[in-house]
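> here is a sequence together with a model predicted from it:
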Amino acid sequence: MHQAEFINLYEKANKKSYRELYSEGDPTKWGNVKYKGIITNQYAGQDLIHDFFVKPIMKRFAKKTDLVISDFGGGDGTLLFMLQNQISKNFNLYLESIDLNKKFVSPFGPTQELQGLIKFIYKDILWTHKPSYADVICNRYVLQYFNKENQKKVIDNIHHSLKEEGLALLVWPCSIKSPKIYNKIFAEIVSLIVEQDSNEVMQHKYFASLNEIKSYMNNTGFTKIKKIGNEAQALLSVKSWGDRFDFSAESYQGIEELYEIYSKKHPELFTELGGELCLKTDIVGLSGERK
Ligand SMILES: C[S@@+](CC[C@H](N)C(=O)[O-])C[C@H]1O[C@@H](n2cnc3c(N)ncnc32)[C@H](O)[C@@H]1O
């Protein structure tokens, strides 16, 4: 399905427009990702969903007909909605999305139509959920909201909720080449925004490297840990921060100054998109199976 078609369907089901799905190439919007040389949307990019989620699920469960898929930190259900679109021909699906943000739970969030497809559960993924019930657990763009200790806990909880040989699909942002400085720049940007916006941005804690998450998965008892997807980079311009979060002109200027300083000191972390200077964020993913 073409992305525009998907967004249309999604918005109909959700009865609201979702502006974060519209970045696709517009450098002033939040959510641009460069994937396989093309600028797409970090939430709705079809190729991205296919390579990081659909492909590993199809490969692992080629012979199965029923699948329980749970999305830990699933937000408003975009990923599951999209997944079911791509794989519902192949499986009978039970889909659930777990999130601690009340706005994604009835009566504030999803429509009846969306709830007919996905069960929305209001819960903190730091608490253990049901044991051994899911064939697949997805966790996309969520790990960065936790510190190292809690990232281990979330991974442990995912392991606990998977059936034997169930599949975990973890996708998160980080910087492959300059992890320390990336964490520092991000923290400085967040500190400029924090007091003026919702709690959400405050929760960004730590962007873990591939090796760190791999080792947490190993220690938790995952096997067959593999990299999923191809190289992907989110591109964050100063204007895109302004598009996503509400903050003062003063903070905006502060972010501009940060970009100017750090792009000179660490040019490897920056690139240009449509004339806008962007901070580069690698999007990486790992799959693993419960023993
Ligand atoms: C950037 S959004 C990603 C949403 C979704 N995974 C996707 O890829 O479309 C991060 C989500 O993680 C959720 N989240 C953060 N901390 C959480 C926690 N402790 N328990 C459950 N959900 C959490 C937020 O509420 C938000 O919906």
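Arrived safely. Numbering: from 1, shown residues only.

> shaky segments in the stretch 1-150 of the chain?
Applying pLDDT under 70 to the stretch 1-150 of the chain flags residues 1-23, 106-109.

> any chance you could map the helices in it?
3-14, 46-49, 55-60, 78-87, 112-117, 148-161 (DSSP state H, counting those that start in this stretch).

> so for the longest one, what gets flagged as buried?
So the one you mean is helix 148-161. By 16 or more other CB atoms under 10 Å, the buried positions in helix 148-161 come out as 151, 152, 153, 154, 155, 156, 157, 158, 159, 160, 161. The way it works is simple: take the backbone N, C-alpha and C, and place the C-beta from them, glycine included.

> tell me if it is near the ligand.
No - judged by CB under 6 Å from any ligand atom, helix 148-161 makes no contact with the ligand; its nearest approach is 7.6 Å.

> for that helix, what is the distance to the chain centroid?
Mean-position distance between helix 148-161 and its chain equals 16 Å (CA atoms, centre = their mean, to the nearest Å).

> helices and strands around it, which ones?
The contact analysis (3 or more CB pairs under 8 Å, 6 or more residues apart in numbering; DSSP states H and E) places helix 148-161 against strand 66-72, strand 134-140, strand 162-174, helix 210-220.

> how about the residues of this protein near the ligand?
Applying CB under 6 Å from any ligand atom, we find that the chain lies next to the ligand at 43, 73-75, 78-79, 99-101, 124-126, 140-142, 145.

> circling back to that earlier point, format the buried residues of helix 148-161 as JSON lines; extra columns: distance to residue 111.
Below are those laid out as JSON lines (distance: CB to CB, whole Å):
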{"residue": "151", "distance to residue 111": "32"}
{"residue": "152", "distance to residue 111": "36"}
{"residue": "153", "distance to residue 111": "32"}
{"residue": "154", "distance to residue 111": "28"}
{"residue": "155", "distance to residue 111": "32"}
{"residue": "156", "distance to residue 111": "34"}
{"residue": "157", "distance to residue 111": "28"}
{"residue": "158", "distance to residue 111": "28"}
{"residue": "159", "distance to residue 111": "33"}
{"residue": "160", "distance to residue 111": "31"}
{"residue": "161", "distance to residue 111": "27"}
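
> of the residues you listed, closest to residue 168?
Closest approach between the buried residues of helix 148-161 and residue 168, by CB to CB: residue 158, at 5.2 Å.

> hmm, the closest one is touching residue 168, no?
Yes - under the criterion of CB atoms under 8 Å, residue 158 makes contact with residue 168 at 5.2 Å.

> need the overlap of contacts for those two.
Shared contacts of residue 158 and residue 168, defined by CB atoms under 8 Å, 6 or more residues apart in numbering, comprise 137, 139.

> could you measure from residue 190 over to residue 57?
Look at residue 190 and residue 57: by CB to CB, to the nearest Å, they are 33 Å apart.

> ok, residue 234 next?
Distance, residue 234 to residue 57, using CB to CB: 23 Å.

> next: residue 126.
According to CB to CB, residue 126 stands 25 Å off from residue 57.

> for the helix ranked longest in the chain, C-alpha coordinates in CSV please.
For the chain, the helix with the greatest residue count under DSSP state H is helix 249-265. This file holds the C-alpha atoms of helix 249-265, laid out as CSV (Å, rounded to 0.1, in the frame of the first residue of the first chain):
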residue,chain,number,x,y,z
ALA,A,249,11.8,31.9,20.8
GLU,A,250,14.7,32.0,23.2
SER,A,251,15.0,28.2,23.3
TYR,A,252,14.7,28.1,19.6
GLN,A,253,17.7,30.4,19.3
GLY,A,254,19.5,28.3,21.9
ILE,A,255,19.1,25.2,19.7
GLU,A,256,20.2,27.1,16.7
GLU,A,257,23.4,28.1,18.5
LEU,A,258,24.0,24.5,19.7
TYR,A,259,23.7,23.3,16.1
GLU,A,260,26.1,26.0,14.9
ILE,A,261,28.7,25.1,17.6
TYR,A,262,28.4,21.3,17.4
SER,A,263,28.2,21.1,13.6
LYS,A,264,31.7,22.7,13.5
LYS,A,265,33.1,20.4,16.2
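
> packing partners for it?
Partner elements for helix 249-265 (3+ CB pairs under 8 Å, 6+ apart): helix 179-193, helix 238-244, strand 270-273, strand 276-290.

> give me whichever of these is most buried.
For these, average neighbour numbers computed from mean count of other CB atoms under 10 Å are highest in strand 276-290, which has a mean of 22.

> got a list of what the most centrally placed residue in the chain touches?
Nearest residue to the geometric centre of the chain (CA atoms, centre = their mean): residue 141, 2.3 Å. Residue 141 sits next to 42, 73, 171, 172, 173 when contact means CB under 8 Å, 6+ apart.
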